[in-house]
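Enquirer: Got a predicted model here, sequence first, then my questions.
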Amino acid sequence: MEPQKTKYFLYPGVKPPVFNKDEQGAVISIDAYPRAVVVDGCDEQDPRLRKTVHDFSKIKSIPFYPGDKVVLGLGLIIETPQEWIATFVCGRVGSLIKEGIEVASSGPIYKGKGIQTRQEIFAVIRNTGKSKIDLTSDLCCVQLYFQQIFSPFVEPQEWPK
(Lines give C-alpha, C1' and ligand atoms only; values in the text may rest on other atoms or scores of the structure.)
Protein backbone atom coordinates (compact mmCIF):
# COMPACT_ATOMS: atom_id res chain seq x y z
CA MET A 1 0.00 0.00 0.00
CA GLU A 2 1.32 3.41 -0.96
CA PRO A 3 1.77 5.95 1.87
CA GLN A 4 -0.86 8.71 1.80
CA LYS A 5 0.26 12.35 1.76
CA THR A 6 -0.81 14.12 4.92
CA LYS A 7 -0.15 17.71 5.97
CA TYR A 8 0.58 18.91 9.46
CA PHE A 9 0.59 22.37 10.99
CA LEU A 10 2.61 23.28 14.08
CA TYR A 11 1.75 26.28 16.22
CA PRO A 12 4.68 28.78 16.41
CA GLY A 13 6.99 28.10 19.35
CA VAL A 14 5.91 24.49 19.93
CA LYS A 15 8.71 21.93 19.97
CA PRO A 16 8.64 20.09 16.62
CA PRO A 17 7.33 16.52 16.72
CA VAL A 18 9.56 13.52 16.08
CA PHE A 19 8.51 11.41 13.09
CA ASN A 20 9.17 7.69 13.52
CA LYS A 21 9.41 6.11 10.07
CA ASP A 22 9.43 2.64 8.53
CA GLU A 23 12.02 1.30 6.07
CA GLN A 24 10.31 3.05 3.12
CA GLY A 25 10.26 6.40 4.92
CA ALA A 26 6.53 6.43 5.71
CA VAL A 27 5.61 7.84 9.12
CA ILE A 28 4.38 5.13 11.48
CA SER A 29 4.00 7.32 14.56
CA ILE A 30 4.62 10.85 15.78
CA ASP A 31 6.03 11.78 19.19
CA ALA A 32 4.36 15.05 20.18
CA TYR A 33 5.07 17.70 22.79
CA PRO A 34 2.60 19.90 24.69
CA ARG A 35 1.91 23.55 23.87
CA ALA A 36 -0.22 24.27 26.92
CA VAL A 37 -2.60 23.02 29.56
CA VAL A 38 -6.02 23.71 28.04
CA VAL A 39 -9.75 23.48 28.82
CA ASP A 40 -12.91 23.08 26.75
CA GLY A 41 -13.73 25.96 24.50
CA CYS A 42 -11.92 27.79 21.74
CA ASP A 43 -9.11 30.28 22.12
CA GLU A 44 -10.35 33.83 21.48
CA GLN A 45 -7.37 34.70 19.27
CA ASP A 46 -7.27 31.45 17.28
CA PRO A 47 -10.41 29.25 17.32
CA ARG A 48 -8.44 26.25 16.03
CA LEU A 49 -6.76 26.10 19.45
CA ARG A 50 -8.37 25.07 22.70
CA LYS A 51 -8.64 27.69 25.44
CA THR A 52 -5.26 28.01 27.22
CA VAL A 53 -4.89 27.84 31.00
CA HIS A 54 -1.08 27.50 31.30
CA ASP A 55 1.05 28.36 28.26
CA PHE A 56 4.41 26.55 28.36
CA SER A 57 6.05 29.40 26.42
CA LYS A 58 5.30 31.65 29.43
CA ILE A 59 5.29 29.19 32.35
CA LYS A 60 8.19 26.75 32.04
CA SER A 61 6.79 23.97 34.25
CA ILE A 62 3.65 22.97 36.09
CA PRO A 63 3.58 20.50 39.00
CA PHE A 64 1.59 17.36 38.20
CA TYR A 65 0.67 15.49 41.38
CA PRO A 66 -0.58 11.92 41.85
CA GLY A 67 -4.29 11.82 41.08
CA ASP A 68 -4.17 14.96 38.91
CA LYS A 69 -5.68 14.97 35.42
CA VAL A 70 -5.04 17.68 32.80
CA VAL A 71 -5.78 18.33 29.16
CA LEU A 72 -2.72 19.12 27.06
CA GLY A 73 -3.06 21.02 23.78
CA LEU A 74 -0.34 19.84 21.42
CA GLY A 75 -0.28 22.87 19.12
CA LEU A 76 -0.50 20.39 16.26
CA ILE A 77 -3.08 19.98 13.53
CA ILE A 78 -2.92 17.02 11.20
CA GLU A 79 -4.93 17.27 8.01
CA THR A 80 -6.00 13.85 6.82
CA PRO A 81 -7.70 14.30 3.46
CA GLN A 82 -8.08 10.58 2.78
CA GLU A 83 -11.34 9.14 4.06
CA TRP A 84 -9.63 6.02 5.32
CA ILE A 85 -7.19 7.61 7.77
CA ALA A 86 -7.74 8.09 11.49
CA THR A 87 -5.38 9.61 14.03
CA PHE A 88 -5.12 8.13 17.51
CA VAL A 89 -3.25 9.60 20.46
CA CYS A 90 -1.69 7.05 22.80
CA GLY A 91 0.52 7.14 25.85
CA ARG A 92 4.21 7.46 25.11
CA VAL A 93 5.91 4.23 26.06
CA GLY A 94 8.93 4.24 28.32
CA SER A 95 9.75 6.10 31.47
CA LEU A 96 6.48 8.07 31.71
CA ILE A 97 4.40 4.91 31.83
CA LYS A 98 6.72 3.57 34.53
CA GLU A 99 6.08 6.79 36.48
CA GLY A 100 2.31 6.32 36.15
CA ILE A 101 1.48 8.91 33.48
CA GLU A 102 -1.25 7.64 31.18
CA VAL A 103 -3.38 9.06 28.40
CA ALA A 104 -7.02 8.90 29.49
CA SER A 105 -8.52 10.15 26.20
CA SER A 106 -7.73 12.34 23.23
CA GLY A 107 -9.12 14.06 20.21
CA PRO A 108 -10.09 15.03 17.70
CA ILE A 109 -10.27 11.78 15.77
CA TYR A 110 -10.16 12.29 12.01
CA LYS A 111 -12.52 10.06 10.10
CA GLY A 112 -15.27 9.96 7.55
CA LYS A 113 -15.71 10.87 3.93
CA GLY A 114 -14.29 14.28 3.17
CA ILE A 115 -14.29 15.54 6.76
CA GLN A 116 -11.63 18.19 7.31
CA THR A 117 -11.02 18.75 11.00
CA ARG A 118 -8.63 21.61 11.55
CA GLN A 119 -8.54 21.62 15.32
CA GLU A 120 -5.64 21.29 17.71
CA ILE A 121 -4.98 17.73 18.81
CA PHE A 122 -5.25 17.31 22.56
CA ALA A 123 -4.63 14.58 25.10
CA VAL A 124 -6.11 14.09 28.56
CA ILE A 125 -3.38 12.71 30.79
CA ARG A 126 -3.54 11.55 34.38
CA ASN A 127 -0.91 10.89 37.01
CA THR A 128 -1.62 7.44 38.44
CA GLY A 129 1.89 7.24 39.92
CA LYS A 130 3.13 7.82 43.44
CA SER A 131 5.16 11.00 42.89
CA LYS A 132 4.90 14.50 41.46
CA ILE A 133 6.46 15.24 38.10
CA ASP A 134 6.85 18.58 36.35
CA LEU A 135 4.96 19.09 33.10
CA THR A 136 7.06 21.03 30.58
CA SER A 137 7.11 21.69 26.85
CA ASP A 138 9.98 19.16 26.58
CA LEU A 139 7.89 16.33 28.03
CA CYS A 140 7.10 13.93 25.20
CA CYS A 141 4.11 12.17 26.70
CA VAL A 142 1.99 11.19 23.69
CA GLN A 143 2.38 9.34 20.43
CA LEU A 144 0.08 9.73 17.43
CA TYR A 145 -0.70 6.81 15.13
CA PHE A 146 -2.45 6.56 11.78
CA GLN A 147 -4.71 3.67 10.99
CA GLN A 148 -6.84 2.58 8.09
CA ILE A 149 -10.53 2.66 8.93
CA PHE A 150 -13.64 1.41 7.22
CA SER A 151 -17.38 1.82 7.67
CA PRO A 152 -18.97 -1.60 8.02
CA PHE A 153 -22.60 -2.52 7.58
CA VAL A 154 -23.64 -4.16 10.86
CA GLU A 155 -26.64 -6.49 10.98
CA PRO A 156 -28.26 -7.76 14.18
CA GLN A 157 -28.09 -11.52 14.75
CA GLU A 158 -29.60 -13.94 17.23
CA TRP A 159 -27.43 -14.84 20.19
CA PRO A 160 -25.48 -18.05 19.38
CA LYS A 161 -26.60 -21.22 21.17
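Expert: Right, received. Where do you want to start? Numbers count the residues shown, from 1 in each chain.
Enquirer: Any idea how far apart the tips of stretch 16-31 sit?
Expert: End-to-end distance for stretch 16-31, by C-alpha to C-alpha, to the nearest Å: 9 Å.
Enquirer: and what of stretch 133-141?
Expert: Calculated as C-alpha to C-alpha, the first-to-last residue distance of stretch 133-141 is 12 Å.
Enquirer: Doesn't I62 lie inside a strand?
Expert: Yes - the assignment for I62 (DSSP: H, G, I helix; E, B strand; the rest coil) places it in a strand.
Enquirer: Which residue, other than its chain neighbours, is closest to it?
Expert: Nearest-residue entry for I62: L135, 4.6 Å, with adjacent residues in sequence omitted and distances by C-beta to C-beta, 6 or more residues apart in numbering. Glycine gets a C-beta too; all of them are placed from N, C-alpha and C.
Enquirer: thought the one you found was touching P34?
Expert: Yes - with contacts counted by C-beta atoms under 8 Å, L135 reaches P34, the gap being 6.9 Å.
Enquirer: Need the residues touching each of those two.
Expert: Counting by C-beta atoms under 8 Å, 6 or more residues apart in numbering, the residues touching both L135 and P34 are F56, L72.
Enquirer: Could you check which of those two has the larger neighbour count?
Expert: P34 (29 against 23; other C-beta atoms under 10 Å).
Enquirer: going on from the worst-scoring helix or strand of the chain on mean pLDDT, what's the next piece of helix or strand?
Expert: One helix or strand of the chain scores below all others by mean pLDDT, DSSP states H and E: strand 85-91, with a mean of 67. For strand 85-91, the following helix or strand on the C-terminal side (DSSP states H and E) is helix 95-98.
Enquirer: same for that next one, what does it pack against?
Expert: Packing contacts for helix 95-98, counted by 3 or more C-beta pairs under 8 Å, 6 or more residues apart in numbering; DSSP states H and E, involve no helix or strand.
Enquirer: that older thread, ok, the residue nearest to I62 - contacts?
Expert: Counted by C-beta under 8 Å, 6+ apart, L135 has contacts P34, V37, F56, S61, I62, P63, F64, V70, L72.
Enquirer: So which of those residues wins on neighbours?
Expert: Highest count within these by other C-beta under 10 Å belongs to P34, 29 neighbours.
Enquirer: Distance-wise, check the residue nearest the centre of the chain relative to S105.
Expert: The chain has V89 as the residue nearest its centroid, 4.1 Å off, counting by C-alpha atoms, centre = their mean. Separation of V89 from S105 (C-beta to C-beta, to the nearest Å) stands at 8 Å.
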